[in-house]
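Q: Predicted model follows, preceded by the sequence.
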Amino acid sequence: MPATSTDDEAQLNQTIEMFEVIVQSQPNDCQSLEILKEAYKKLGREQDVVATSKRIAQAYMQLGQLSSAILEFETVLQQSPNDADVQAALKSIQETAGDMSAQPADGF
């Protein structure tokens, strides 16, 4: 993978600073988190990529988009298969999904 130029790196760092501010005030802004994750990826900051993926998955959970959360968590597990937080979160989602499917469709 080619190294980023100094200009590219400076621009990526500016992007990161700007989007960190956005997601601090809007933690469930998945689009901003995705942009942040890409910037980290381009800089080779793998720990930040994983941490941001977890934040994206948590945001999806908050928004009730469980299938998107599962996909994001599974992406994290490809990087770090022994991540206990992610394994616990996936188990929690499966239990939540199981509870939802066990309820009658008519709401009674």
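A: Received the coordinates, thanks.

Q: Hmm, residue 75 and residue 83 touching each other?
A: No. With contact defined as CB atoms under 8 Å, residue 83 does not count as touching residue 75 (11.2 Å). Quick note: C-beta positions are derived from backbone N, CA and C, even for glycine.

Q: Assign a three-state SS to residue 91, would you?
A: helix (DSSP: H, G, I helix; E, B strand; the rest coil).

Q: nope, residue 81 is what I meant
A: coil.

Q: What pLDDT does the model give it?
A: The confidence metric pLDDT takes the value 90 at residue 81.

Q: What are the phi and psi values at it?
A: Dihedral pair for residue 81: phi -60, psi -20, per degrees, to the nearest 10.

Q: Can you report how many residues lie near it?
A: Number of residues near residue 81 (other CB atoms under 10 Å) recorded here: 9.

Q: Return the distance of it relative to residue 87.
A: 9 Å (CB to CB, to the nearest Å).

Q: same check, this time on residue 20
A: According to CB to CB, residue 20 stands 27 Å off from residue 87.

Q: ditto for residue 70
A: Where residue 87 is concerned, residue 70 sits at a distance of 12 Å (CB to CB).
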